[in-house]
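> Show me the folded form of this:
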Amino acid sequence: MDREEHLEWCKQRAYEYLDKGDTETAYASFITDMKTHPETANHIGLELGIRILVSGNMDNMRKFIKDFN
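Predicted coordinates:
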């Protein structure tokens with residue numbers, strides 16, 4: 001799987017949790033999945049999501065994941 005395919009897969013898995021109203025697990029899933037691919041594992045943007053997680057705003061988390069590249 002190339003980087004773009006992996007990124008899309010990570011997003012889709014996170015969306016499944018967001019659709020259930022589980023922001024915390026969505027973020028955890030996204031981070032964990034991103035770390036499994038060598039081209040996304042150390043992306044500096046991953047840690048920025050923690051601020052959104054703390055805010056508890058699901059819409060902002062969805063936007064963070066959607067816009068992640």
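> For the rest of this, base every contact and every neighbour count on C-alpha atoms.
Noted.
> Check the secondary structure at residue 36 for me.
What DSSP: H, G, I helix; E, B strand; the rest coil gives for residue 36 is coil.
> Buried residues, the lowest-mean-pLDDT helix or strand in the chain. List them.
The weakest-scoring helix or strand in the chain, judged by mean pLDDT, DSSP states H and E, is helix 49-55 (a mean of 86). For helix 49-55, burial by neighbour count (16 or more other Cα atoms under 10 Å) applies to 49, 52-53.
> Same check on stretch 28-48?
Buried-residue list, stretch 28-48, by 16+ other Cα under 10 Å: 28-31, 33-35, 40, 46.
> Show me which of those residues is closest to residue 67.
Ranked by distance to residue 67 (Cα to Cα), the buried residues of stretch 28-48 are led by residue 46 at 12.0 Å.
> quick one: contacts for residue 46?
If you count contacts by Cα atoms under 8 Å, 6 or more residues apart in numbering, residue 46 has them with residue 31.
> mind giving me a markdown table with the buried residues of stretch 28-48 and columns for distance to residue 10, secondary structure and pLDDT?
Listed next are those as a markdown table, based on distance: Cα to Cα, whole Å; DSSP: H, G, I helix; E, B strand; the rest coil; pLDDT from 0 to 100:
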| residue | distance to residue 10 | secondary structure | pLDDT |
| --- | --- | --- | --- |
| 28 | 11 | helix | 95 |
| 29 | 8 | helix | 97 |
| 30 | 6 | helix | 96 |
| 31 | 8 | helix | 95 |
| 33 | 6 | helix | 97 |
| 34 | 6 | helix | 96 |
| 35 | 10 | coil | 96 |
| 40 | 10 | coil | 95 |
| 46 | 12 | helix | 87 |
